[in-house]
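Asks: Below are the sequence and a predicted model for it; my questions follow.
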Amino acid sequence: MITTDAVTMNTDQVSGAIGARAAQDLRDPGPASRIVEPAAPMAHRGAPSDVTPPRSLDEGPLLGRVTSVSAGRLLVTLTDDEAVQRATVSSLVALPAGDGFLMGVIDALAYSETSDRVTAQLMPVGAFHPAPEVGGTFRVGAADQPRIHAGCYLVEGEDLRRLMTCIADDVSHEERLVLGRYGGRDGAEVIANGNRMFQRHLAILGNSGAGKSWAVALLLERAARLRNASLIVLDLHGEYGPLAGGGIATRLRVGGPSDLDKGACDDLIYLPYWLFEIEELALILLNADDPHAADQRLWLTQRIEAMKRGRLAGAGNYELASTATVDSPLPYRIEDLVAAAERDDVAVIVVQPSGKVVPGPYSGKLRSLINRIEARCADPRYTFIFRPPMESYDPDWLPLMALMLLDAGGKTPGIKTIDLSELPTALVPLVTGLIARLTYDIQFWTEADKRTPVCIVCDEAHVYLRETEDGSPVYDWAMRRFETIAKEGRKYGVCLAVVSQRPSELNRTVLSQCNNFMILRLSNDPDHEAIVQLVPGAFAGVADLLPTLDVGEAVVIGDAVPLPVRIKLDKATHGPDSRTIPYWSLWANQPTSPEAISLGASALRAQSRTLARAEMTAKSAEAAAATD
């Protein structure tokens, strides 16, 4: 369970007397009347706070006394009707324990007719240890548990707001990431540690319409304030286009049939076949059921490696030619590959000295491969792979491509949104996996002290990062690429932000590596169970709260905000194009547009909105000319 206004950690400015009550008799039922005089604040790493430190944690309203203690749950019997009225599910409480306080949240309330008392069940979330004079620290987990009959004190209102403001002062100015406010518009700011938010991967989870895209837009907007922010958004629905209009991001898209005659453009991404590793190329060129598949793969490996080395040697680059492999990203011509296959498919060997003619090692085995290569080259869906612009064959093209993806701090925003909305769904895992692999490989080979860290935002991740049992080789391959980043990317400055409405369908390995979770409303049981398995054990009760969250509300858990925090996210200035459609109102007020329907049908036929608009514009011009 989570507190409505929440708490995080590491307090440097809390009153020095915050733990005085802990030394008293914990069974004393009398309320404390002492008000702590603020001590001189310690020096802070963050911006100084002008907020008066809160009262001692045991000076809040006394709710009741501890009657049962276990490792993961505590039971508190409430004292009177006033306590019953104050206590609510998700309230934050403090209980004296050892030399400090065990912090917890109420996750259940129950009335017993037998005793005529109300009992609160608490979920421990951490421990606060006051310093001898001023300040103190918060830690997840607790070495000390409260005694039976220890007091349970409510932390609320102004005390909670002041406490959270003091806690935020522990985050240095350059690390601050403002997410929203506790308890609504007038609450204290929620300050997360920006470094910790991205260092060990992030997951943003929530039902459709809960506000995930707005949460992503908020993070991008906050990151855009940093001079060298570098993020790549895999935008499956093209909904982050407005951020480019706001100067927050650079919009890119994968080249399609409508771009064949454009050549290299600043906003077009091509992933030419020669960039592919042999395993990737085999996914789209080989048929596993073909009886000659093993021979065809061996032929591809030998021939492509020979072509890459031959091109380097022909240019006089013998040193690089000697180290090149089949997976080295070096240009070669697909036409030359097909021509070589045609020759080897009919090649024969003359045995000496007998002169006997026998079939070559690949004779009669490559025809189906040739047919598949030609089919892929002719398929407009694969334009960005097999029909790249002529510039892509230049040795300097790959560094330019890398800069298009990873350059930050220059004239264009370092945040890149890659529009994949016109890409066939079947190709999404292939493209996203290639972009992820290329990003990781470039970061791997970049000098460590000159790397700019990059975050790959995996929007609608359940489409291509799903836990699948169907054995699809493309899905399996894509997941392995993202799993590598999840497990190893931190070393090379590559992190993932996984965004999905179905956490129960996501790859377990990737999600298990996420140390921060921003969870919006989730309303079905499988997803609740997935959350319980993902979040740290002390916070497993968070799943019970998720169906009650409003649109734009989220629970934040993890290294950046170590306590479970229920907040109202700030609204991004430039939001995504993902508004919830008002069906009833539109049915009542907006007539059908025949022109829009025709345009949609044309786009479907052309597999391109750009071509469809051009076609309609041309027809309109012809009609106008005929009328004149």
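Replies: Done, it's in. Numbers count the residues shown, from 1 in each chain.
Asks: can you pull out the strands in the stretch 151-300 of the chain?
Replies: 151-155, 176-182, 189-193, 202-205, 231-235, 250-254, 268-269 (DSSP state E, counting those that start in this stretch).
Asks: could you redo the ones you listed as JSON lines and give each row mean neighbour count, mean pLDDT and distance to Arg609?
Replies: For glycine as for every other residue, the C-beta is placed from the backbone atoms N, C-alpha and C. JSON lines is the format used below for the strands of the stretch 151-300 of the chain (neighbours: other C-beta atoms under 10 Å; pLDDT from 0 to 100; distance: least, C-beta to C-beta, whole Å):
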{"stretch": "strand 151-155", "mean neighbour count": "26", "mean pLDDT": "89", "distance to Arg609": "53"}
{"stretch": "strand 176-182", "mean neighbour count": "20", "mean pLDDT": "88", "distance to Arg609": "35"}
{"stretch": "strand 189-193", "mean neighbour count": "23", "mean pLDDT": "86", "distance to Arg609": "38"}
{"stretch": "strand 202-205", "mean neighbour count": "27", "mean pLDDT": "95", "distance to Arg609": "28"}
{"stretch": "strand 231-235", "mean neighbour count": "25", "mean pLDDT": "95", "distance to Arg609": "15"}
{"stretch": "strand 250-254", "mean neighbour count": "21", "mean pLDDT": "90", "distance to Arg609": "11"}
{"stretch": "strand 268-269", "mean neighbour count": "19", "mean pLDDT": "88", "distance to Arg609": "15"}
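Asks: Any idea how many residues pack against Thr610?
Replies: Neighbourhood size, Thr610 [other C-beta atoms under 10 Å]: 15.
Asks: and the residue most central in space within the chain, which of the three is it?
Replies: What sits nearest the mean C-alpha location of the chain, by C-alpha atoms, centre = their mean, is Ala497, with 1.6 Å. Secondary structure, DSSP: H, G, I helix; E, B strand; the rest coil: Ala497 is strand.
Asks: Please give me every residue in contact with it.
Replies: By C-beta atoms under 8 Å, 6 or more residues apart in numbering, the residues touching Ala497 are 198, 201-204, 216, 219, 231, 455-458.
Asks: Identify, from those residues, the entry nearest to Ala543.
Replies: Proximity to Ala543 was ranked across the contacts of Ala497 by C-beta to C-beta; first place goes to Ala203, at 14.2 Å.
Asks: Run through the bridge partners of the closest one.
Replies: In this entry, Ala203 is beta-bridged to Val498, Phe517, by DSSP bridges.
Asks: circling back: go through the contacts of Ala497 and name the one nearest Met307.
Replies: Relative to Met307, the closest of the contacts of Ala497 is Ile456; by C-beta to C-beta it sits at 31.3 Å.
Asks: Beta-bridge partners for that closest one, please?
Replies: Listed by DSSP bridges, the beta-bridge partners for Ile456 are Ile232, Leu496.
Asks: Quick one: the strands in the stretch 401-550 of the chain, in order.
Replies: Using DSSP E, counting those that start in this stretch, strands in the stretch 401-550 of the chain cover 415-419, 454-458, 494-500, 516-519.
Asks: out of those, deepest packed?
Replies: The highest mean neighbour count among these, using mean count of other C-beta atoms under 10 Å, belongs to strand 516-519: a mean of 28.
Asks: Need the per-residue pLDDT for the residue nearest to the centre of the chain.
Replies: Note on Ala497: pLDDT of 96.
Asks: and the longest helix belonging to the chain, how far from the chain's centre?
Replies: The residue-count maximum for a helix in the chain (DSSP state H) belongs to helix 293-314. Remark: helix 293-314 is offset 37 Å from the chain centroid, using C-alpha atoms, centre = their mean, to the nearest Å.
Asks: After it, heading C-terminal, what element do we hit next?
Replies: Per DSSP states H and E, the first helix or strand lying C-terminal to helix 293-314 is helix 318-323.
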